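1. Provided below for reference: sequence and predicted model.
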Amino acid sequence: MEKKLISIIIPVYNVKDYLEDCLNSIINQTYKNLEIILVDDGSMDGSSDICDKFAQLDTSIMVIHQTNAGAAAARKKGVMYASGFYICFVDADDRIDSKMIEFLVEHIEGNDLITSGCYCELFSGELWIRTDAFDSGNYDTKEKMEYFIANMIAFHNRFEDGILPFLVNKMYRSDILKDVITSIHLNISYAEDRDLLFRYILKCKSIRVTHESFYYYRYRSNSAVRSVNRNFMSDLNNLYLSLSKVFEEHPQKQALIHQLQLFILSRTYQISWYMGFDSSAQTIRYIFPFSDLEDKSNIILYGAGRVGMDYYRQISKNPNIHLVIWVDKHWDKYRDVNTSVHPVEKIQSCSYDYIIVAVNRNDLYEEICRELEENGIPKDKILWKKPIHFAV
């Protein structure tokens, strides 16, 4: 039986230092019936020449050059040109395992979408695995799809992604994607992945979740996601307006709108980080409540939400406290702009006096405390007090 053609779409913009590594990882896939579409989005650093060079060497590669219009527009252009039965996206500064496409093709099994995990490559070169919060398996009944949709943005009503909000690390049906992508908002530079991904999921009848990881996501300090974004608030508003319009027309609109609002709220707490505000312009709402710590205490700060950010700023200026490391269970959400948040697993390799839990609710503290104790951390090393709220 002839293998289905798979289209791989790669938006390219000023990534000459990473592009060849990315393309080689795709060319060397064990699955060979590929159409590789490079959309050069007005690169000015020599990336365009690399695209053309690879296209001359490999007939499966198509290059589209366009004036800079942003990642969303580049992906849309690529999808419109795609001929494959399925489509995958790869970012030009990332790379994929040689068996990724073969695995996704073999396991999509008639579903409309298949997901996989990601290796997040930190600045230090360390790799951390991220997977969907959903259990692996098929979501292929009316009840299972309703559950998936009700939890895909804010899993179990928490500030936690149900599905990894990336367009990469997934495989899509071309016919559905071509239909959905015509209506996305093209003028969003932050979280534009979510606009397309959630629209697509609402068109799915069945989804396969897998936790196997093949995608290597590279954190770059100068990437679009991690650069200061002066248009952050308008991006966030455009995303809200774009998705809320779609969600209002869905049978599960109440659950969808609620999740969307939770996501928007979680990001408004971080406006000062995303927009690169000077620290003196960032109002502290939560006062660090451990003024009685002995001098030169070595502490780990657990929590990178609003409370954690306020504690971090105060601890950083306190000469009597040494911050060993700042961690959060959902660390990846807080590494976007000028932060130093690490995975909780890093605690095991650290020497410290106390772990200070920076959360506002007692029940959340108790949940974190249980998880830390289950990992061998003595309870007398874990400190929490109700944050002192400073109203302005």
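-> Perfect, I can see it now. On a predicted model such as this, the values are computed, not experimentally measured, just so you know.

2. how about the strands of the stretch 101-250 of the chain, start to end?
-> Applying DSSP state E, counting those that start in this stretch to the stretch 101-250 of the chain gives strands spanning 113-121, 127-130, 137-139, 170-173, 207-218.

3. So which of those is nearest Lys16?
-> For Lys16, the closest of the strands of the stretch 101-250 of the chain is strand 207-218, at 14.2 Å, according to CB to CB. The C-beta positions use only the backbone N, C-alpha and C, and glycine is treated the same way.

4. packing partners for the host helix or strand of Ala255?
-> Following DSSP states H and E, one finds Ala255 within helix 253-268. Applying 3 or more CB pairs under 8 Å, 6 or more residues apart in numbering; DSSP states H and E, one finds that helix 253-268 contacts helix 142-151, helix 232-247.

5. mind showing which ranges of the chain have poor pLDDT?
-> For the chain, applying pLDDT under 70 flags the ranges 1, 123-125, 220-227, 279-282, 333-339, 390-392.

6. what about stretch 340-353, start to end distance?
-> With CA to CA, to the nearest Å as the measure, stretch 340-353 spans 20 Å from end to end.

7. neighbouring contacts of it?
-> With CB atoms under 8 Å, 6 or more residues apart in numbering as the test, stretch 340-353 has contacts from 128, 297-300, 302, 304, 324-329, 331, 334-335, 355, 371-372, 375, 377, 381.

8. Could you report the neighbour count for Leu57?
-> Per other CB atoms under 10 Å, the neighbour tally for Leu57 reads 10.

9. Need the helices and strands packed on helix 253-268 in JSON lines (columns: mean neighbour count and distance to Leu23).
-> Converted to JSON lines, the helices and strands packed on helix 253-268 look like this (neighbours: other CB atoms under 10 Å; distance: least, CB to CB, whole Å):
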{"stretch": "helix 142-151", "mean neighbour count": "16", "distance to Leu23": "34"}
{"stretch": "helix 232-247", "mean neighbour count": "18", "distance to Leu23": "29"}
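
10. For Cys204, find the nearest of those.
-> helix 142-151 (7.2 Å).

11. what comes into contact with the closest one?
-> With CB under 8 Å, 6+ apart as the test, helix 142-151 has contacts from 133-134, 138-139, 162-163, 201-202, 204-207, 250, 252, 255-256, 259.

12. Would you list the buried entries among the residues you listed?
-> 133-134, 139, 162-163, 201-202, 204, 206-207, 255-256, 259 (16 or more other CB atoms under 10 Å).

13. Can you pick out the most distant pair from the residues you listed?
-> Farthest pair in these, by CB to CB: Ser206 and Gln259, 20.6 Å.

14. so which of the strands of the stretch 101-250 of the chain comes closest to Ser60?
-> Using CB to CB, the nearest of the strands of the stretch 101-250 of the chain to Ser60 is strand 170-173, at 17.4 Å.

15. which neighbours does that closest one have in its sheet, and in what orientation?
-> Using DSSP bridges, the strands paired with strand 170-173 are strand 86-89 (antiparallel), strand 113-121 (antiparallel).

16. Could you say which of these is packed most deeply?
-> Greatest average neighbour count among the strands paired with strand 170-173 goes to strand 86-89 (a mean of 24), per mean count of other CB atoms under 10 Å.

17. Thank you, goodbye.
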